[in-house]
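1. let's see this in three dimensions:
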Amino acid sequence: MRQEELDKLRRELTLMNVMVAENLGKAISILKTGDEDLADEVKKNGKAIDQMQLKIDDIALAYIATQHPVARDLRELVTVFKLTLNLERIDDYAIHLAKAAIKLSNRPSIRSMERVKRMAETGQTMLKAAFSAYLAQDIEAARESAAMDDSIDAEHKALTEEVLAFIKDNRKQVKSAARLLKLSGYMERLGDHITNICEGIVFISEGSHEELNPVKSTRGKNGN
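-> This next block holds a predicted model:
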């Protein structure tokens, strides 16, 4: 397989990653501002990202069918489908974050929103590191990115405990608290999907299926 063909595919993946990262960044901004117009923009951008996924998958499939790649090239092309799927899922959670941020923006008494923000920001850092690792084909950098998921998991656990304690004394805010718990679960799975990308990078380089976070949720592992 010609190098220029792989380079073209990587450029398309880079563009999709940039779009997802920007959407996640906007969703984090909405947590701080409650900007409804920006939330609409995040949702609109999600449709373009879905189209990017289809486009990249079609390119990879065509290369497999016509170029008959082997060894490392084949592993990378097969992994492309995993990368685009997980990028699309990450964007789904960015959209969930944007929507929930609007609904929860007038609930300052639920202090755990700060934890959600930290989870999302850690995910943002993880995604940047993971994609840099992919472009550099740096498996150690991929492992370091995946290790950041422990921080998201810890925040999720702490948030859950806080919100459950909050509900005991604030029965009238059960609906908002439940929404916050659901949002925290989304951020936890966002980290899982970035970990999946990191595992794909290891597979491309080494040809082995290494589970970088053995305790991550089954839903995140299976692409949901």
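2. could I get the average pLDDT for the helix or strand containing residue 176?
-> Take DSSP states H and E as the rule and residue 176 turns out to sit in helix 174-206. Helix 174-206 comes out with an average pLDDT of 94.
3. pull out the buried positions in it.
-> For helix 174-206, a neighbour-count test (16 or more other C-beta atoms under 10 Å) marks 176-177, 179-181, 183-205 as buried. The C-beta positions use only the backbone N, C-alpha and C, and glycine is treated the same way.
4. now do the helices in this structure.
-> With DSSP state H applied, the chain shows helices at 3-33, 36-67, 71-104, 113-136, 139-147, 149-169, 174-206, 218-221, listed in chain order.
5. and the residue most central in space within the chain, what is it in contact with?
-> Note on the chain: the residue nearest the mean C-alpha position is residue 90, at 3.0 Å, using C-alpha atoms, centre = their mean. Residues in contact with residue 90, defined by C-beta atoms under 8 Å, 6 or more residues apart in numbering, are 20, 24, 123, 127, 190, 193-194.
6. run the last query once more with 7 Å
-> Residue 90 sits next to 20, 24, 127, 190, 193-194 when contact means C-beta atoms under 7 Å, 6 or more residues apart in numbering.
7. quick check: the two most widely separated of the residues you listed?
-> Greatest spacing in the contacts of residue 90, by C-beta to C-beta: 24 and 193 (11.4 Å).
8. so where's this structure uncertain?
-> 1, 106-111, 215-224 (pLDDT under 70).
9. change it to 50
-> Applying pLDDT under 50 to the chain flags residues 108, 217-220.
10. as a quick check, tell me the outermost residue of it.
-> The C-alpha centroid of the chain is most remote from residue 169, which lies 33.7 Å away (C-alpha atoms, centre = their mean).
11. from residue 210, how far out is that one?
-> The gap separating residue 169 from residue 210 is 45 Å, by C-beta to C-beta, to the nearest Å.
12. please apply the same query to residue 171.
-> When C-beta to C-beta is applied, the distance between residue 171 and residue 210 equals 46 Å.
13. ok, residue 156 next?
-> Computed with C-beta to C-beta, the distance linking residue 156 and residue 210 is 23 Å.
14. so the two - more neighbours on which side?
-> Under the neighbour definition other C-beta atoms under 10 Å, residue 156 and residue 210 were set side by side, and residue 156 has more, 22 against 14.
15. please verify my assumption that the more buried one contacts residue 186.
-> No. The criterion here is C-beta atoms under 7 Å, and residue 156 misses it with residue 186 at 9.8 Å.
16. ok, the nearest residue to residue 87 once chain neighbours are set aside - contacts?
-> Using C-beta to C-beta, 6 or more residues apart in numbering and skipping the chain neighbours, the partner closest in space to residue 87 is residue 20 (5.0 Å). Residue 20 makes contact with 49, 87, 90-91 under the criterion C-beta under 7 Å, 6+ apart.
17. I am finished for the moment; much appreciated.
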